[in-house]
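> for reference, the sequence and a predicted model appear below.
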Amino acid sequence: GRSALLGATDEATNRGLSAAGARCFPLKSSIGADEAKWGSPGFSHMGRTKALLVRTLLELNATLLFADVDVVFLRDPLPYLGRQLAAHAQLLFHTDGFGSSPEAIAAQPPGLETPSFGITPEMNTGLFLMAPAAAALAAAWCAALDADGAFSNWKNDQQALNQLLRRGLVAPPASDARKLMAAYGGSLQLGLLPNHLFPSGHLFFIQRALHRLGATPVAVHLTFQNCDQSGKRHRMREGGLWLLDDVGPHLF
């Protein structure tokens, strides 16, 4: 079955979401209600909590689409993701790239990014899909984050997972239309979500490249935004994606 779940790291958020009818659960974590700013203790707690949650759900044989709270879905992602799973993808990642290849933009039906074009930027741990076959990868991710120094010198959970994914990474032959790479020592099939369908905040709000393409993304991830939560809320208001107050589009 398909279930959407929201994890709340503080009780007030859990009560509010539950009262609004959301499928929400209390996510045990040291993060609490405070903002987990980059480099803060809350940021490291957030990374460890995320990795543990992913491992737990994969061990329950769930296929997991994970999205940070600063991801906005504009369309149902399941038809697109279902096609990639049917082609035997086991890992699908949004990246910090700044654009899609002409091949990915032109593809019908939409497919994955060409590995040679999309693999250089980091794969982002704020939006990804993992199938149960990735349970060993998730366990290794948790172990890497438990190590001393996992978050020292501005290191983070995303860098740790990228190092694991890129071990023994093998690109597919050019003739393989699925565009799936062999990742994590060749044990998992990895695909890259194209940036015009799953854009970063830079691509969507600053470059505004998708407006020129006339493309409607599946989801927007509010990366590359200043001023933390307040800056992200402003970007969403500016883009007409924030529906929780009375600020009207006439202001923008």
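Arrived safely.

> surely Leu193 and Ala89 touch.
No. In this structure, Leu193 is not within contact of Ala89 by CB atoms under 8 Å, at 10.2 Å. All C-beta atoms are positioned from the backbone trio N, CA, C, and that covers glycine.

> overlap in contacts, the two.
Common contacts of Leu193 and Ala89 (CB atoms under 8 Å, 6 or more residues apart in numbering): Leu112.

> between those two, which has more neighbouring residues?
A direct count of neighbours by other CB atoms under 10 Å for Leu193 and Ala89 places Leu193 higher, at 30 against 20.

> separation between that one and Pro217?
Leu193 is 10 Å from Pro217, where distance means CB to CB, to the nearest Å.

> same deal with Leu145?
From Leu145 across to Pro217, the span is 30 Å (CB to CB).

> go on, Trp141?
As judged by CB to CB, Trp141 and Pro217 stand 27 Å apart.

> comparing these two, which residue is more hemmed in?
Trp141 (25 against 19).

> ok, for that one, nearest residue in space, not its chain neighbours?
Ala51 (4.7 Å; CB to CB, 6 or more residues apart in numbering).

> my guess is that neighbour contacts Ala138. True?
Yes. Using CB under 8 Å, Ala51 is in contact with Ala138, at 6.7 Å.

> worst-scoring helix or strand of this protein, pLDDT-wise?
Within the chain, confidence by mean pLDDT, DSSP states H and E is lowest for helix 209-213 among all helices and strands, at a mean of 76.

> what residues sit buried inside that helix?
For helix 209-213, the neighbour count (16 or more other CB atoms under 10 Å) marks 209-210 as buried.

> how about that helix as CSV, C-alpha atoms only?
Output in CSV follows, covering the C-alpha atoms of helix 209-213 (Å, rounded to 0.1, in the frame of the first residue of the first chain):
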residue,chain,number,x,y,z
ALA,A,209,15.1,28.3,-15.7
LEU,A,210,12.0,26.1,-15.5
HIS,A,211,9.8,29.1,-16.2
ARG,A,212,11.7,29.6,-19.5
LEU,A,213,11.2,25.9,-20.3
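
> roughly how far is it from the heart of the chain?
21 Å (CA atoms, centre = their mean, to the nearest Å).

> just checking, what packs against the helix or strand following that helix?
As assigned by DSSP states H and E, the chain's next helix or strand after helix 209-213 is strand 219-221. Judged by 3 or more CB pairs under 8 Å, 6 or more residues apart in numbering; DSSP states H and E, strand 219-221 is in contact with strand 71-73, strand 123-130.

> now render those as CSV, adding mean pLDDT.
Output for the helices and strands packed on strand 219-221, formatted as CSV (pLDDT from 0 to 100):
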stretch, mean pLDDT
strand 71-73, 93
strand 123-130, 97
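
> which of the ones you listed sits most buried?
strand 123-130 (a mean of 22; mean count of other CB atoms under 10 Å).

> quick one, what contacts the spatially most central residue of the chain?
Among the residues of the chain, the one closest to the centroid is Leu127, at 0.9 Å (CA atoms, centre = their mean). Leu127 is in contact with 66-68, 71, 93-94, 193, 198, 219, 221, counting by CB under 8 Å, 6+ apart.

> please repeat the previous calculation with a cut-off of 6 Å.
Listed by CB atoms under 6 Å, 6 or more residues apart in numbering, the contact partners of Leu127 are 67, 71, 94, 221.

> tell me the pLDDT at Pro249?
Per-residue pLDDT puts Pro249 at 52.

> hey, where'd the strands end up in the stretch 1-150 of the chain?
Secondary structure of the stretch 1-150 of the chain by DSSP state E, counting those that start in this stretch: the strands cover 6-8, 24-26, 64-67, 71-73, 91-95, 123-130.
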